[in-house]
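Student: Just need the structure, nothing else, for what follows:
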Amino acid sequence: MYGWAGKVLRVDLSRREVTVEPTNGAWARAFIGGRGLAARYLYEEVDPRVDPLSPENKLILATGPLTGTSASCGARYMAVTKGALTGAITTSNSGGHWGPELKFAGYDMVILEGRAERPVYLWIYDDHVEIRDASHLWGKIVSETEELIKEETGVPGTKVACIGPAGEHLVRFANIMNDKHRAAGRSGVGCVMGSKLVKAVAVRGTGGVQVADPEGFMQAVWSQKQKVKSSPITGGTFPRFGTHGVLMVMNEGGGHPTRNFQEAQFEGAYKISADATKDTHLIRNKACFACTIACGRVTHLPGEHADKYLVTTHPRNWHIAGEGPEYEGAWAMGSVCGVDDIDAVLKGGYLCNDLGMDVVTMGATVAAAMEMFEKGFITEKETGMAMPFGSAEALVAMIERTGYGEGFGRELGLGSHLLTTKYGHPELFMGVKGQEFAAHEPRLQGMSLGYATSNRGACHLRSTTSGAEISGRLNPYETQGKAAIVKSNQDNNAVVDASGLCMFVGLGGLTMDDYTPMIRAATGIDYTSESAVSAGERIWNLERLWNLKAGFTAKDDTLPDRILKEAIPKGPTQGLIGKLGEMLPEYYQLRGWSEQGEPTAAKLIELGIL
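Tutor: You can find the predicted model right below:
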């Protein structure tokens, strides 16, 4: 095989057995790789009705055919499983260097199944694979874990993907962290890994990725890189500010959810913006493997800033430097909680990384708790401290308590859907299918439909129309035409996830006509733009089938009453309300689904799934 490594590493944790098998070539061609190929394996091997934290669930870490190549931003791998937060299929994406290293070791994916008797970590060094004891690592934060494993292996260049205390304590939105600061986030993939008592997967590979047509591949890559570098976004704003630079644009346009989505503008936005931090907290930018964008942020808390919000319970956690914030992190640690202190935003982000938690769900869950506190639904008797909107002290303290499963943190670790339901106010959960919205206003019509129909619960990465709707390229009040745009975005983004590329290359102006030549030259398979999009549609329908078998129905393709019935109260988008009902029937029709949101036999036959 070309592009693909051609091997799958299967790890039976219950039996402590490791086997290597050929990658299913037919599935690879049909689903490309990464998210798509792993979804096919999950569909065939896991009963969608299982408890996500049971040994019967499987966790798949999968690369794509462009992962580890010289393609711009070919760094991605996917964590695919039944999500601990949602119960739906989840496909979490991460960059950094771990994914390419797995390809260099000769594997397309690692399948973790069963459950270990005691904490373990997996050590992969090319053909040598070993299940090692990790009892001494249990309880360690992410950065300590990575450093200790690298010291133990003694092999330069070792890459580590691991969980922190949050995954060990089965926080429902725990991440898998790699390269210390990169995250396979959302949906609780780290919680699933923790339930299997797997602390880490360490890998070192000394091989490379063979492509079918080296000359054609380099020509396609060169064209791709030129577009990415010349784009004002991927060649300008992102290298300079990262996604953090988007914050003021979204806020000024009225698309920046505030105080648990009660408003769409935050009066303290500038204080936590990229402009406000570039001269005081920003050290430099940082890139993932083969990245020509370098949107990562390396930041610190200088001088007097380092001493704020100190908690002595777990002093090892209190780093004063790290990575972030990106747009989602600044929003989650800031605006959605009404917090306008950049020091708290940064410290909260550092904590989430070290403890191994999804920053979006963490912030959104604190925001839901803050609203419950302000409305008197919970008191200091439950929380242990005052939790009004705007309290940076409460935000930082609750992040730490959540990661270690202490006090009210045990409740926050459920995520906001289960939290608000437990306290009798599920109407304050702002999300879909058990997963919280991200930092993109869901009353924007395209975002309404994209969030509601996302297979892994509310996700802005499946279809992002917010930039176009805020800038005026699309009318945010208009529903006409949005169904076709959302479907196209979802199918195209599935291809990008399957290939191993970063989604941000699309912001550089790349289209399927740019992706396909690279995938074709890498694999030697005669993909066209049309057949690649069909593969994306195949992935989307397979995920939908999995969710239907898990018990989800069209009734779950919905939004909270706040989004459907409470208009934005002020600002440029004043009066905006989600009109999901006007778009959903057309969306189902375009997908070739029934009125009940189920793929028809004709559609499945067309896509080769039946």
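Student: is it true that residue 353 touches residue 142?
Tutor: Yes: Residue 353 is within contact range of residue 142, at 6.3 Å (criterion: Cβ atoms under 8 Å). Bear in mind the C-beta positions are built from the backbone N, C-alpha and C, glycine included.
Student: These two: which is more packed in?
Tutor: Here residue 353 and residue 142 are compared on neighbour count by other Cβ atoms under 10 Å; more neighbours surround residue 142, at 30 against 25.
Student: so what sits against both of residue 353 and residue 142?
Tutor: Shared contacts of residue 353 and residue 142 (Cβ atoms under 8 Å, 6 or more residues apart in numbering): 177, 180.
Student: Pull the number of nearby residues for residue 496.
Tutor: Look at residue 496: counted by other Cβ under 10 Å, it has 28 neighbours.
Student: What is the burial count for the nearest residue to it once chain neighbours are set aside?
Tutor: Counting by Cβ to Cβ, 6 or more residues apart in numbering, residue 496 lies nearest to residue 503, which is 5.7 Å off, once chain neighbours are set aside. Look at residue 503: counted by other Cβ under 10 Å, it has 17 neighbours.
Student: ok, now which ones touch residue 503?
Tutor: Neighbouring residues of residue 503 by Cβ under 8 Å, 6+ apart: 93, 461, 493, 496-497.
Student: One more: residue 49?
Tutor: When contacts are counted by Cβ under 8 Å, 6+ apart, residue 49 touches 549-551.
Student: So which helix or strand of the chain has the lowest pLDDT on average?
Tutor: One helix or strand of the chain scores below all others by mean pLDDT, DSSP states H and E: strand 321-323, with a mean of 88.
Student: And that strand, what does it pack against?
Tutor: With contacts taken as 3 or more Cβ pairs under 8 Å, 6 or more residues apart in numbering; DSSP states H and E, strand 321-323 sits against strand 296-300, helix 342-355.
Student: which one of the ones you listed is the most hemmed in?
Tutor: Compared across the helices and strands packed on strand 321-323, helix 342-355 shows the largest average neighbour count, a mean of 28 (mean count of other Cβ atoms under 10 Å).
Student: List the buried residues of the helix of greatest length in the chain.
Tutor: Longest helix in the chain, counting residues (DSSP state H): helix 529-550. Buried residues in helix 529-550, counting neighbours by 16 or more other Cβ atoms under 10 Å, are found at 529, 532-548, 550.
Student: Kindly report the same for stretch 176-188.
Tutor: Quick answer for stretch 176-188 (16+ other Cβ under 10 Å): 176-188.
Student: what does stretch 584-594 give?
Tutor: By 16+ other Cβ under 10 Å, the buried positions in stretch 584-594 come out as 584, 586-588, 591, 593.
Student: about what we covered before: redo the contacts of residue 503 as TSV? Include pLDDT, distance to residue 572 and secondary structure.
Tutor: Shown next, in TSV, are the contacts of residue 503 (pLDDT from 0 to 100; distance: Cβ to Cβ, whole Å; DSSP: H, G, I helix; E, B strand; the rest coil):
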residue	pLDDT	distance to residue 572	secondary structure
93	96	31	strand
461	94	24	coil
493	97	27	helix
496	97	31	helix
497	97	32	helix
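Student: Outline the domain layout of this structure.
Tutor: For the chain, automatic domain parsing gives the domain ranges 7-204, 217-436, 445-606.
Student: Which one, of the ones you listed, ends up nearest to residue 1?
Tutor: Closest of those to residue 1 is domain 7-204, at 6.6 Å (criterion: Cβ to Cβ).
Student: And that closest one, end to end?
Tutor: Start-to-end span of domain 7-204 (Cα to Cα, to the nearest Å) is 16 Å.
Student: and it, how far from the chain's centre?
Tutor: Chain-centre distance of domain 7-204: 14 Å, with Cα atoms, centre = their mean, to the nearest Å.
Student: Show the end-to-end separation of stretch 289-298, please.
Tutor: Counting by Cα to Cα, you get 16 Å between the two ends of stretch 289-298.
Student: May I see the buried residues of it?
Tutor: Result for stretch 289-298 [16+ other Cβ under 10 Å]: buried residues 289-297.
Student: Over to stretch 353-371?
Tutor: Per 16+ other Cβ under 10 Å, stretch 353-371 contains these buried residues: 353-371.
Student: again with stretch 463-483
Tutor: Buried residues in stretch 463-483, counted by 16+ other Cβ under 10 Å: 463-467, 469-470, 474, 476, 479, 482-483.
Student: can you put the residues you listed in CSV and add distance to residue 216?
Tutor: What follows is those, written out as CSV (distance: Cβ to Cβ, whole Å):
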residue, distance to residue 216
463, 31
464, 31
465, 34
466, 36
467, 33
469, 38
470, 39
474, 36
476, 42
479, 42
482, 37
483, 36
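Student: Can you tell me which of these end up in helices?
Tutor: Within the buried residues of stretch 463-483, residues falling in helices by DSSP H are 466-467, 469-470, 482-483.
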